[in-house]
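Q: Got a predicted structure here, sequence first:
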Amino acid sequence: MREQILNANIPKTILKLAWPNMIGFLMQVSYNLADTIFVGRLGAEAIAAVSLAFPIDLFMYALGGGLVAGTTSLLSRYIGAKKYKNADNAAEHSMLIALVLSVFFTIVGLLFMKPLFVFLGATSSILPMSIEYSRWIFLGSGSIFFFLAASAIIRSEGDMKTSMKFMGISVVLNLILDPIFIFGISIAGISIIPSMGVAGAAIATVIARVVGCVLVLNHLLKDRSLVKLRLKDFKYNYLFIKNIFAVGIPSSLSQLVMSVGVLLLTKLTANFGEAAIAAYGIGFKLDTVAFLPTLGIGIAILTMVGQNFGAKNYARAKSITWTGCLMAGVFMLLISLIFLSAPRYFISIFNNDPQLVNYGASYIRYIAPTYVFLGVIMILSFAFQGFGRGIPGIAIALFRLGIIAVPAAYLLALNFGYGLTGVWIAIAASNVLTAIFSALWFYGFKAEKIR
């Protein structure tokens, strides 16, 4: 695969690497989609409760995403330079970081989830459900970080199918367990498995994630990949941590900015009622579905740029990036047209409460037309990571959410009387302006000057 990444036709190689990632990310998003669809049968309040908890899941994936970016970037460069022993050592240090993150989130999450939900505006009717759901998610947080780290190790060598296969098993298991644990099973009037409501959704998700995690770790420990995990020979070297953090911390911070932005926007929507919270939660989850092709292309871009940069093919690395932007733009345009063709239908899949559907359809009408711009933003952020530069990612995220989306949303919604529509307008404007900002930055970027 290395030779194809360095020399083969760029669009074909991107697609070859991207499609397993697209399917893998679809499976990953399926956890939250399945939870939301099944929980939607419990009512709008239950959806609002899970939507309040969603930024917490994003927060964990933000830190995990930084670990993925740092690991993939570093290992891709080592593989591109044929430094395979260094790649093995870096992979082992990635696992150490995953362990630390798992312990941190489990402890801190369980201690502070209640005050966080109160801050977000949880009412007395949804607070207990948010806590029930999140308690299990925090207890199973280790399965997120170890799966992401192991998958990043495998993908860095150009193998995009293996982690997708294990994710598929995990998702199917989640789809089976979700309705069983949420609604329970009774035979002849005898309860075999009790109805657990929103807590059941979380338990099903955690069990499925743990199974996927065990499978992918077993693959690495059985020496079935180019990069090897030899834990018995592990020797700590802070330079590997430093190099992973060089890309990983800025990447995590950029995703944390997004998580905090979503959290603050969720808090803002709470001013307009539980239907507004639920509508924003559903709208954002539909966005995550729309992002799937771009995420798949983005991981391919990160790997290809990293290996070409390691091999000093600077012009090809930049050409890969612009090709990725074009391909992502085409996918995002098609998805936006699909969503815009029937916005009310897509919202009603989750819940048919009239007010919720009205709010959600309005969200789609404002946000979906800007998906093309979001595609450009995401691809350029991945490309910077491939070059070993993480700072542009956080700067782009801060520009989009910290400078434009969140301040503009609060001003338009509360000060200028636009209400919930003002939130949607602010998000849409931030997508367009940030795409222009990112493209100008990358256009002036000189990869050959990096030491």
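A: Yep, it's here. Values in this document were obtained by computation on a predicted structure and should not be read as measured data.

Q: so what secondary structure elements neighbour the helix or strand V330 falls within?
A: For V330, the enclosing helix or strand under DSSP states H and E is helix 314-341. Secondary-structure packing of helix 314-341 (3 or more CB pairs under 8 Å, 6 or more residues apart in numbering; DSSP states H and E): helix 10-40, helix 274-310, helix 354-367, helix 371-386. Heads up, the C-betas are built off the backbone N, CA and C, glycines and all.

Q: can I get those helices in JSON lines with mean neighbour count, distance to S130 and mean pLDDT?
A: Compiled in JSON lines, those are given as follows (neighbours: other CB atoms under 10 Å; distance: least, CB to CB, whole Å; pLDDT from 0 to 100):
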{"stretch": "helix 10-40", "mean neighbour count": "21", "distance to S130": "12", "mean pLDDT": "78"}
{"stretch": "helix 274-310", "mean neighbour count": "26", "distance to S130": "11", "mean pLDDT": "87"}
{"stretch": "helix 354-367", "mean neighbour count": "20", "distance to S130": "17", "mean pLDDT": "95"}
{"stretch": "helix 371-386", "mean neighbour count": "27", "distance to S130": "28", "mean pLDDT": "92"}
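
Q: closest to H219 out of those helices?
A: Between H219 and these, the tightest spacing by CB to CB is seen for helix 10-40, at 14.1 Å.

Q: still on that earlier bit, how big is the angle separating the helix holding V330 from helix 274-310?
A: Taking axes from the mean of the first three to the mean of the last three CA atoms, to 10 degrees, one finds that helix 314-341 is oriented at 160 degrees with respect to helix 274-310.

Q: closest one to V206 among the helices and strands packed on helix 314-341?
A: Closest to V206 of the helices and strands packed on helix 314-341, according to CB to CB: helix 10-40, at 9.8 Å.

Q: Mind jotting down where the strands sit in the stretch 1-150 of the chain?
A: Taking DSSP state E, counting those that start in this stretch to define them, one finds no strands in the stretch 1-150 of the chain.

Q: can you redo the helices and strands packed on helix 314-341 as TSV with distance to I193?
A: Written out in TSV, the entries for the helices and strands packed on helix 314-341 read as follows (distance: least, CB to CB, whole Å):
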stretch	distance to I193
helix 10-40	14
helix 274-310	27
helix 354-367	29
helix 371-386	40
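
Q: Can you say which of those is nearest to I207?
A: Nearest to I207 among the helices and strands packed on helix 314-341 is helix 10-40 (11.2 Å), distances taken as CB to CB.

Q: Which other helices and strands does that closest one contact?
A: Packing partners of helix 10-40 (3+ CB pairs under 8 Å, 6+ apart): helix 2-7, helix 44-80, helix 161-183, helix 197-221, helix 274-310, helix 314-341.

Q: In CSV: these, plus distance to I190.
A: Output for the helices and strands packed on helix 10-40, formatted as CSV (distance: least, CB to CB, whole Å):
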stretch, distance to I190
helix 2-7, 58
helix 44-80, 26
helix 161-183, 15
helix 197-221, 18
helix 274-310, 34
helix 314-341, 44
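
Q: what about the helix holding V330, distance to the chain center?
A: Distance of helix 314-341 from the chain centroid (CA atoms, centre = their mean, to the nearest Å) equals 18 Å.

Q: Stretch 310-317 now?
A: Relative to its chain's centre, stretch 310-317 lies at 28 Å (CA atoms, centre = their mean).

Q: Any regions of the protein where pLDDT drops low?
A: Regions of the chain meeting the criterion pLDDT under 70 cover residues 1-3, 28, 31-32, 224, 447-451.

Q: residue nearest the centroid of it?
A: Nearest residue to the geometric centre of the chain (CA atoms, centre = their mean): Y61, 5.8 Å.

Q: Please report the distance of that one from L148.
A: Shown here: Y61 relative to L148, a distance of 8 Å by CB to CB, to the nearest Å.

Q: Figure out which of the helices and strands packed on helix 314-341 is closest to L67.
A: Among those, helix 371-386 comes nearest to L67, with 12.1 Å by CB to CB.

Q: still on that earlier bit, which residues sit in contact with the residue nearest to the centre of the chain?
A: Taking CB atoms under 8 Å, 6 or more residues apart in numbering as the contact definition, Y61 lies against 144, 148, 255.

Q: The last one sits in which helix or strand?
A: Secondary structure from DSSP H and E places Q255 in helix 238-269.

Q: mind checking which of the helices and strands packed on helix 10-40 is nearest A383?
A: Relative to A383, the nearest member of the helices and strands packed on helix 10-40 by CB to CB is helix 314-341, separated by 4.0 Å.
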